[in-house]
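Chemist: Provided below for reference: sequence and predicted model.
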Amino acid sequence: MTGIRRKGNRKITEDVTAGDNDKSFTIETTNSFEHTLEAIMVQWQPTATVGNRVPIITISQGSKVLYRARSPAVIAASTVTEIMFQPNCGFFSANNTMFIPLPPDFKLQKDDVIRITDRSNIDPADTVLVEIVTRKLSKGGN
């Protein structure tokens, strides 16, 4: 299930569809506004299929890659892992929790695509739950 919630100038986009290890989100906005990427929360629920998953985030504009990062560790079969992509943090992994940095004040433009996937593509039936938090700004201001 995919949905959008709004709280003030914040927008929360989520995809909680089970059995999908490749998630893509297209930024929808008008020419008058831009969105700052504040955080992405992911819960990776791998199947029992043997293999190490390597979560990767790619933010692109058409064929141009604006940002790409992969996790500091792998996710083993049947090991539920929480992943937090956020600005001003370092790569960190412990106790089934990972932190992966995003560029600070990263501005998303209309039709930018955020993709979260398993670089190893171990099992497309893994469940990846995603929540993206953006802040809406007037172009050139807050």
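Modeler: Cool, the structure landed.
Chemist: what packs against the helix or strand hosting V133?
Modeler: Here V133 sits within strand 127-138, counting by DSSP states H and E. Contacts defined by 3 or more Cβ pairs under 8 Å, 6 or more residues apart in numbering; DSSP states H and E place strand 127-138 against strand 10-15, strand 22-26, strand 33-45, strand 113-118. Using the backbone N, CA and C atoms, a C-beta is placed for each residue, glycine as well.
Chemist: which one of those strands lies nearest to V80?
Modeler: strand 33-45 (5.2 Å; Cβ to Cβ).
Chemist: can you tell me which helices and strands that closest one packs against?
Modeler: Packing partners of strand 33-45 (3+ Cβ pairs under 8 Å, 6+ apart): strand 55-61, strand 81-87, strand 97-102, strand 107-108, strand 113-118, strand 127-138.
Chemist: what residues does the third one touch?
Modeler: Okay, so that is strand 97-102. 37, 39-40, 55, 57, 67, 69-73, 81-93 (Cβ atoms under 8 Å, 6 or more residues apart in numbering).
Chemist: ok, now stretch 63-72?
Modeler: Against stretch 63-72 from outside (Cβ under 8 Å, 6+ apart): 54-60, 83, 85, 91-93, 98, 100-103, 106, 112, 119.
Chemist: now it: mean pLDDT?
Modeler: What stretch 63-72 shows for mean pLDDT is 93.
Chemist: find the nearest non-adjacent residue to D123, please.
Modeler: Counting by Cβ to Cβ, 6 or more residues apart in numbering, D123 lies nearest to T49, which is 4.0 Å off, once chain neighbours are set aside.
Chemist: quick check, central residue of this protein?
Modeler: Of all residues in the chain, the one closest to the mean position by Cα atoms, centre = their mean is I40, 4.7 Å from it.
Chemist: pretty sure it sits against T134.
Modeler: No. I40 sits out of contact with T134 when judged by Cβ atoms under 8 Å, with a separation of 9.6 Å.
Chemist: got a ChimeraX select line for the buried ones in the contacts of stretch 63-72?
Modeler: Applying 16 or more other Cβ atoms under 10 Å to the contacts of stretch 63-72, the buried members can be selected in ChimeraX as follows:
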select :54,55,56,57,58,59,60,83,85,93,98,100,101,102,106,112
